Structure formats: structure tokens, C-alpha cells
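1. Sequence plus predicted model, see below.
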Amino acid sequence: MKIGIMQPYFFPYIGYFSLINYVDRFVFFDTPQYINKGWVNRNRILKQDKKIGYITVPVKKMPRNTSIKDILITENVDWKNKIYGQLTVYKRIAPNYEDVICLLHNILDRKYNRLSSLNIETIKEVCEYLEIEKKFDIFSQMNLEITNINSPDEWALNITKMLKGDIYVNLPGGQVFFDRDKYKKENIKLEFLKSNLPRYIQRIGFFYSGLSIIDVLMFCSSKEIKEMLKDFIII
């Protein structure tokens, strides 16, 4: 059984969804320390000037060592309508604008206090939209007793063992943190899924890769995206 474990990001890039689609079971790892200016509360989209901009969920100032699961969304900022406004750049150029905005309203118009809850729901809803059926878990709710962690890669190793997985799959950005021999000793195969970030027509005269899945949804049909999710290599 292939296990994927990732922090819950805000409308992540297509490679994140390729990973979900590839594995048999996916764990939202929501207990690491929140890192400011990462991908947990923001992501990239197109701007009116054909450059890259960020959609962001404002969060309350918390102690530096606060876990992702405990990060609270700022309540007195109208961030949802700001995001909808930023996305109007797609109205004239994206064939799926109305459908995607409807999807986003269905997700974002609910009440969220915690950033992790918002992100997990957005990812699940996008998967449902793309007809990806998957077993999801939230690490903080799994009651797994993991002790004696000596290095970052041992979290995934122990979670995979406890879920009786024989393959652990990560995205390539984490390669430097993993010791293949350590996994081999536990009879767990270690794989890294690298999306080829397939090109699609963004209707701006050139192509930006690795933007939020929102950008992909705007320009590509569900059927096209499901094929794009298979465009990767295992390293």
C-alpha cells in the first residue's frame, strides 16, 4: 500500500494532487510548526498585468512554535471577497471561470476558524470535483503514538509502518531530508513523485508552471486534469 503524507497547503499546485491520486492513502500532516510565507496560507495565480500574484488567507499572530493545526484565521479581514476580486482576472480568458468560482464559493463561504480545517476541506473538495476517490486521514486525529523521533524523515517512516504501508511517496522537494537506507531496513520503499507540470493554454501568450490548482481548473476540464495528474516521474 502506497502512503502519502503532506502538510495541508492552500489550494496547492497540481503535483500535490498527482501525489494524492497516485497513493492509496493520504495523511494530512497538520502538527509541524507553521512557517510564515510558506504555502500553508497562500498560493500563486495570474494577475491583470500577466505577472504572478498571491492569494492569501490572513492569520492571527501566534507564537513561533505554533503547529499548523492551531493557526487561527484573522476574523476582521474580508479576505474571501479579496480573493474573489483577484480571480476576476480569469473572467475574460478562462473557459471554466463560472464553474470554478461556484466551486470556490461552495468551499470558502463556509465558516472556518482554523487554517488547517480550511485547507483540508479545499483539497478534499477539489478532489471530489476531479472525481478522485481517496482515503484521507488527519494526523492529529489519528491517535498514533510516535516517540523517539531523531530526524524529520522518521515521522513519515513511523506513520507508514503504523498504517502497514510498504511504499512511502513524497514530493521531490523533501528528498534531502530522507535517508533511503533507513526506509530499506524497515522494508519500506521510498519514492519521490515529480510532476512534469504539463503545459496548458493560459491565454496570456506564454506559460507559468506550478501555479495554484485554481489556475489549472480555470483553463482545463476535469477530464484533461485527470490525465495531467498522471504526467509525472518517480525518482
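-> All right, it came through fine. Numbers count the residues shown, from 1 in each chain.
2. longest single strand anywhere in this protein?
-> If you go by DSSP state E, the chain has its longest strand at strand 189-195.
3. pretty sure W79 contacts T56?
-> Yes - the criterion here is CB atoms under 8 Å, and W79 meets it with T56 at 7.0 Å. Bear in mind the C-beta positions are built from the backbone N, C-alpha and C, glycine included.
4. number of nearby residues for I3?
-> I3 is flanked by 24 other residues according to other CB atoms under 10 Å.
5. got a list of what it touches?
-> 23-27, 156, 159-160, 163, 165, 167-169 (CB atoms under 8 Å, 6 or more residues apart in numbering).
6. where exactly do the strands run in this structure?
-> 2-6, 25-28, 42-46, 52-56, 135-138, 167-170, 189-195, 232-234.
7. now for those strands, which one comes closest to D179?
-> strand 189-195 (8.7 Å; CB to CB).
8. Give me the below-cutoff pLDDT ranges for this structure.
-> For the chain, applying pLDDT under 70 flags no range at all.
9. top helix in it by residue count?
-> Using DSSP state H, we find that the single longest helix of the chain is helix 115-129.
10. Of all the residues in the longest strand of the chain, which ones are buried?
-> For strand 189-195, a neighbour-count test (16 or more other CB atoms under 10 Å) marks 190-193, 195 as buried.
11. Repeat that for stretch 215-225.
-> In stretch 215-225, counting by 16+ other CB under 10 Å, buried: 215-220, 225.
12. nearest to I132, of the residues you listed?
-> I132 has its nearest neighbour among those in I225, at 9.7 Å by CB to CB.
13. Hmm, M218 and the closest one touching each other?
-> No - judged on CB under 8 Å, I225 makes no contact with M218 at a distance of 10.9 Å.
14. quick one: furthest residue from the center of the chain?
-> Within the chain, K185 marks the point farthest from the mean C-alpha position, 29.5 Å out by CA atoms, centre = their mean.
15. wait, what's in contact with that one?
-> Under the criterion of CB under 8 Å, 6+ apart, K185 has no neighbours.
16. For T74, list the residues it contacts.
-> If you count contacts by CB under 8 Å, 6+ apart, then T74 has 58-60 around it.
17. Need the buried ones from those residues selected in ChimeraX.
-> Of these, the buried ones can be selected in ChimeraX as follows, counting by 16+ other CB under 10 Å:
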select :59
